[in-house]
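**Student:** Have a look; sequence and predicted model below, questions after that.
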Amino acid sequence: MEKSVNGSRFVFYQAKVNEEYLLCLHNIISKLGYAKKEKPKLYSRKGSTLVGIDEIRYYIRFRTFTYSSFDWIYDSFYPKGTRKVVPNFIDLYLSPLALAIWMATQDDGTSFKNKGFKFSTNSFTLKEIQYLALILKNKYNLDSSIHKSGLINQYNIYIPKSSFKDLIKIVHPHFHPSMYYKIKNI
């Protein structure tokens, strides 16, 4: 999200390879009146030499309109205006559709062949990740474990194969066909 003196807005972007998904998401949001109807633009940027990516990368992006009525959402996820946090009411909004979007839009969240699914939660604290795992258990009866990501104080939620099948049943009706690769490896 982005915030200005006039309000807050959502920003959606995906690599060009996922353009079909992002265009579908844009279509839904623009039909609801929250974004321009014009097709999102293609952008490019040079990869980060810090992580060994030096080629030009292409992505597609769109933003919603700015509304002061979105400020409460921004303030809930960015209470100090910097690091994103997990709000204590997220369980109310973690619907099957929200789970599907979370799974589809995260860059490094992925399924593992004949194993399970990893939710990338690296930017959250361990306590916040434990809260998310508890929501997945209480709301959807999904087993999970928390794994270190390899970096200091960064963790991911891992859904084992036994619960991944149940997760797929929950999100499949909301998954865009172009993102099925995220849930097919079981």
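**Tutor:** Good, I have the coordinates.
**Student:** wait, what's in contact with residue 129?
**Tutor:** Each residue near residue 129 by Cβ atoms under 8 Å, 6 or more residues apart in numbering is listed here: 86, 121, 146, 155-157. For every residue, glycine as well, the C-beta is placed using N, CA and C.
**Student:** again, only this time at 6 Å
**Tutor:** Neighbouring residues of residue 129 by Cβ atoms under 6 Å, 6 or more residues apart in numbering: 121, 146, 155.
**Student:** Next, the residue nearest to residue 161 when sequence neighbours are not counted: phi, psi?
**Tutor:** Spatially, and ignoring its direct neighbours in sequence, residue 161 is nearest to residue 116 (4.9 Å; Cβ to Cβ, 6 or more residues apart in numbering). Per-residue torsions, residue 116: phi -150, psi -150 (degrees, to the nearest 10).
**Student:** so what does the longest strand along the chain touch, helix or strand wise?
**Tutor:** Counting residues, the longest strand in the chain under DSSP state E turns out to be strand 56-63. On a contact count with 3 or more Cβ pairs under 6 Å, 6 or more residues apart in numbering; DSSP states H and E, strand 56-63 meets strand 11-15, helix 19-31, strand 41-46.
**Student:** quick one, which of these is nearest to residue 150?
**Tutor:** Shortest distance between residue 150 and the helices and strands packed on strand 56-63, using Cβ to Cβ, is found for strand 11-15: 22.4 Å.
**Student:** and the closest one, what's its mean pLDDT?
**Tutor:** With pLDDT averaged residue by residue, strand 11-15 scores 87.
**Student:** Can you report how many residues neighbour the nearest residue to residue 36 once chain neighbours are set aside?
**Tutor:** Nearest residue to residue 36, sequence neighbours excluded (Cβ to Cβ, 6+ apart): residue 30, at 6.5 Å. Residue 30: 18 surrounding residues under other Cβ atoms under 10 Å.
**Student:** mind checking how far residue 30 is from residue 164?
**Tutor:** Plainly put, residue 30 is 33 Å away from residue 164 if you go by Cβ to Cβ, to the nearest Å.
**Student:** ok so, going back, the longest strand of the chain relative to helix 19-31, how many degrees between them?
**Tutor:** 20 degrees (axes from the mean of the first three to the mean of the last three Cα atoms, to 10 degrees).
**Student:** separation between the residue nearest the centre of the chain and residue 121?
**Tutor:** Geometric centre of the chain, nearest residue: residue 102, 3.5 Å, by Cα atoms, centre = their mean. Residue 102 sits 10 Å away from residue 121, going by Cβ to Cβ.
**Student:** that older thread, ok, of the helices and strands packed on strand 56-63, where does mean pLDDT dip lowest?
**Tutor:** Minimum mean pLDDT among the helices and strands packed on strand 56-63: strand 41-46, a mean of 82.
**Student:** Just give the number of residues close to residue 74.
**Tutor:** Residues lying near residue 74 (other Cβ under 10 Å) number 17.
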